[in-house]
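In: Here is a sequence together with a model predicted from it:
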Amino acid sequence: MNISIIGAGYVGLVSGACFAEFGASVTCIDNNKGRIEKLNNGIMPIYEPGLSDLVASNVDSEKLFFTSNLSNSIKDSDLVFIAVGTPARRGDGHADLKYVYAVAEEIANNLKEDAVIVNKSTVPVGTAREVKRVIKKANPKLNFHVASNPEFLREGSAINDFMKPDRVILGLESEHSKNVLSDLYKPLIDIKTPILSTDLESAELIKYASNAFLATKVSFINEISLLCEKTGADVHKVAEGMGLDSRIGSKFLQVGPGYGGSCFPKDTQALVRMAQENEASTRIVEAVIEVNASQKARMISKIRGAIDGSILDKKIGVLGLTFKAETDDMRDAPSLSILPALLDKGANIIAHDPEGIEEAKKLLPNSLQYGESIEEVVKDADAIILMTEWIDYREMDLELIKKMMKGDIFIDLRNIFNKKEMKSLGYKYYCIGR
Ligand code: UDX
Ligand code: UDX
């Protein structure tokens, strides 16, 4: 089976490599020529564990190809996946679909008879029908099909999430597209993965509702953590006790500085806009967004409270910048709102991150310094902030770190360390909800 994937980003590239692994012949197309050139030289444009090996083996077996020439790459494709970015539009938070529609225009006159155009990007309800209208208008004679196949990949575990998903969602409008997509997903069907075939709109809304619900769990436990701090409860015990109820489930009840990334922030906003446009209400999701913003703000006051007296000229070592561990993605990372607020108060911050520094430099103020090693960051620091739960930090020698610091303040925004142990090591240890 011949498939094309347009957009070689976090979703398009992982999907393309995995589809090739399933046995399809896959062409990944991207209009960023630099990205394609890197890929053709075996250089990954994103950090995702396991991706470079998966890409290399499928390029070697000639099942995976990269090009920026869209028109002649899709003329033999049975399936064309649209996996371009759908960022939150500046200002109103709508999903910006200009890239999706631009691609629909571009492919309309190069599609083969009965091609199936599949939205993999997260797109508002109704977009698949709109893509169909755009293509029909540009090429009235062509018989083609549109489908929705949203992804549920978490950065840092995207390949595993693709190869062993809880479910595959197919939004379909014809038997033909159902047959073609079932063929493609045969390796998952063979391992009894639930395939839910439904209409286009339901498939599109399943993606938003799923992400918004996961974000709701995160904001819920973040809000409960404040009550824990006020009452002396331990938020991890509360989360554990809740999670033992199979109706609640233990996942996504981990407190933190607030959720970030390229999905939760934009998908919750887009869902609220969609509801407003359709005169439906999403007060819960609106509250989830608000709670997330206040969680980040609460972190700033927690940090300022911990650093007794003025923050001016204090050396603060920051461990972790990315929105979560095992990714280089800085999109909407909590560090992007927390650190500038501290810099504005005259703090002298030096930050480390195993993968995110290159991206972070584009997004954080120049006054922020970067350390190539953990030692560089903690040396003579008055305070340390643990921002992202990288394994590198979990494995640190805390006794040695304490000796290298000038001060004794440790602010753990991911609760990865043990409160008693930190106190016995002589730290003034601050954390969330405990
Ligand atoms: C994806 C999905 O699009 C988004 O809906 C989901 O919520 C997150 O993952 P992502 O893969 O992260 O977005 O996008 P990005 O990493 O920005 O990659 C998009 C790629 O598409 C870029 O490489 C860009 O160069 C390419 N692109 C964009 C095109 O090839 N053509 C275009 O017209 C626009
Ligand atoms: C998410 C969805 O999980 C995935 O299904 C969808 O396809 C894309 O968006 P991702 O954004 O990559 O994936 O990361 P995820 O692991 O979901 O974390 C999202 C944010 O929530 C991160 O900032 C993370 O730190 C935070 N989070 C997650 C918590 O604070 N607590 C948790 O328990 C889980």
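Out: Happy to help now that I have it. Residues are numbered from 1 along each chain as shown. Ligands and ions are numbered 1, 2, ... in the order given.

In: which residue does the chain bring closest to ligand 1?
Out: residue 9 (1.8 Å; Cβ to the nearest ligand atom). The C-beta positions use only the backbone N, C-alpha and C, and glycine is treated the same way.

In: so residue 227 makes contact with residue 233?
Out: Yes. Counting by Cβ atoms under 8 Å, residue 227 touches residue 233, with 7.2 Å between them.

In: Return the residues of the stretch 201-350 of the chain in contact with ligand 1.
Out: 262-263 (Cβ under 6 Å from any ligand atom).

In: Spell out which residues of the stretch 201-350 of the chain are next to ligand 2.
Out: Residues of the stretch 201-350 of the chain lying near ligand 2 (Cβ under 6 Å from any ligand atom): 211, 214, 218, 252-254, 256, 259-261, 263-264, 323-324.

In: Quick check: of those, which lies closest to residue 27?
Out: Nearest to residue 27 among those, counting by Cβ to Cβ, is residue 263 at 25.5 Å.

In: contacting residues for the closest one?
Out: 122, 211 (Cβ atoms under 8 Å, 6 or more residues apart in numbering).

In: Can you tell me how far it is from residue 219?
Out: Relative to residue 219, residue 263 is positioned 14 Å away (Cβ to Cβ, to the nearest Å).

In: who has more neighbours, residue 227 and residue 233?
Out: Shown here are residue 227 and residue 233; by other Cβ atoms under 10 Å, residue 233 has more neighbours (15 against 12).

In: Near ligand 2, which residues of the stretch 1-150 of the chain are found?
Out: Counting by Cβ under 6 Å from any ligand atom, the stretch 1-150 of the chain has no residue next to ligand 2.

In: can you dump the C-alpha coordinates of stretch 293-304 into PDB?
Out: The C-alpha trace of stretch 293-304 is given here as PDB (Å, rounded to 0.1, in the frame of the first residue of the first chain):
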ATOM      1  CA  ALA A 293      -2.800  29.300  34.600                       C
ATOM      2  CA  SER A 294      -3.100  29.800  38.400                       C
ATOM      3  CA  GLN A 295      -1.000  26.800  39.100                       C
ATOM      4  CA  LYS A 296       1.900  28.300  37.200                       C
ATOM      5  CA  ALA A 297       1.300  31.600  39.000                       C
ATOM      6  CA  ARG A 298       1.200  29.700  42.300                       C
ATOM      7  CA  MET A 299       4.600  28.300  41.500                       C
ATOM      8  CA  ILE A 300       6.100  31.700  41.100                       C
ATOM      9  CA  SER A 301       4.900  32.800  44.500                       C
ATOM     10  CA  LYS A 302       6.000  29.500  46.000                       C
ATOM     11  CA  ILE A 303       9.500  30.100  44.600                       C
ATOM     12  CA  ARG A 304       9.600  33.800  45.800                       C
END
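
In: Okay, buried residues for it please.
Out: Residues 295-296, 298-300, 302-303 are the ones in stretch 293-304 that count as buried (16 or more other Cβ atoms under 10 Å).

In: now those as CSV including pLDDT?
Out: Converted to CSV, the buried residues of stretch 293-304 look like this (pLDDT from 0 to 100):
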residue, pLDDT
295, 98
296, 97
298, 97
299, 98
300, 96
302, 96
303, 97
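
In: okay, these in TSV with secondary structure next?
Out: Shown next, in TSV, are the buried residues of stretch 293-304 (DSSP: H, G, I helix; E, B strand; the rest coil):
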residue	secondary structure
295	helix
296	helix
298	helix
299	helix
300	helix
302	helix
303	helix
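
In: tell me the SS of the residue sitting furthest away from the middle of the chain?
Out: Distance from the centre of the chain peaks at residue 141, with 38.9 Å (Cα atoms, centre = their mean). At residue 141 the chain is in coil, as set by three-state DSSP.

In: Now do the same contact list for it.
Out: Residue 141 touches nothing, counting by Cβ under 8 Å, 6+ apart.

In: ditto for the one 5 residues further on
Out: For residue 146, the residues meeting the contact criterion (Cβ under 8 Å, 6+ apart) are 116-119, 128-129, 131-132, 135, 173, 177, 200.

In: if we go to 7 Å?
Out: Residue 146 is in contact with 117, 128, 131-132, 173, counting by Cβ atoms under 7 Å, 6 or more residues apart in numbering.

In: isn't residue 58 right up against residue 64?
Out: Yes. Between residue 58 and residue 64 there is a contact under Cβ atoms under 7 Å: 3.8 Å.

In: okay, these two: which has more neighbours?
Out: Shown here are residue 58 and residue 64; by other Cβ under 10 Å, residue 64 has more neighbours (25 against 22).

In: Name whatever forms a beta bridge with the more buried one.
Out: residue 26 (DSSP bridges).

In: which residues touch it?
Out: By Cβ under 7 Å, 6+ apart, the neighbours of residue 64 are 16-17, 20, 26, 55, 58.

In: Can you tell me which of these is nearest residue 373?
Out: Nearest to residue 373 among the contacts of residue 64, with distances taken as Cβ to Cβ, is residue 55, at 29.4 Å.

In: all helices for the stretch 301-434 of the chain, in order.
Out: For the stretch 301-434 of the chain, applying DSSP state H, counting those that start in this stretch gives helices covering 335-344, 357-363, 374-378, 391-394, 398-404, 419-424.

In: Same list, these, but as JSON lines with mean pLDDT please.
Out: Listed next are the helices of the stretch 301-434 of the chain as JSON lines, based on pLDDT from 0 to 100:
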{"stretch": "helix 335-344", "mean pLDDT": "96"}
{"stretch": "helix 357-363", "mean pLDDT": "96"}
{"stretch": "helix 374-378", "mean pLDDT": "98"}
{"stretch": "helix 391-394", "mean pLDDT": "97"}
{"stretch": "helix 398-404", "mean pLDDT": "97"}
{"stretch": "helix 419-424", "mean pLDDT": "97"}
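
In: Not counting stretch 186-196 itself, show me its contacts.
Out: In contact with stretch 186-196 (Cβ under 7 Å, 6+ apart) are residues 22, 165, 167-170, 182, 185.
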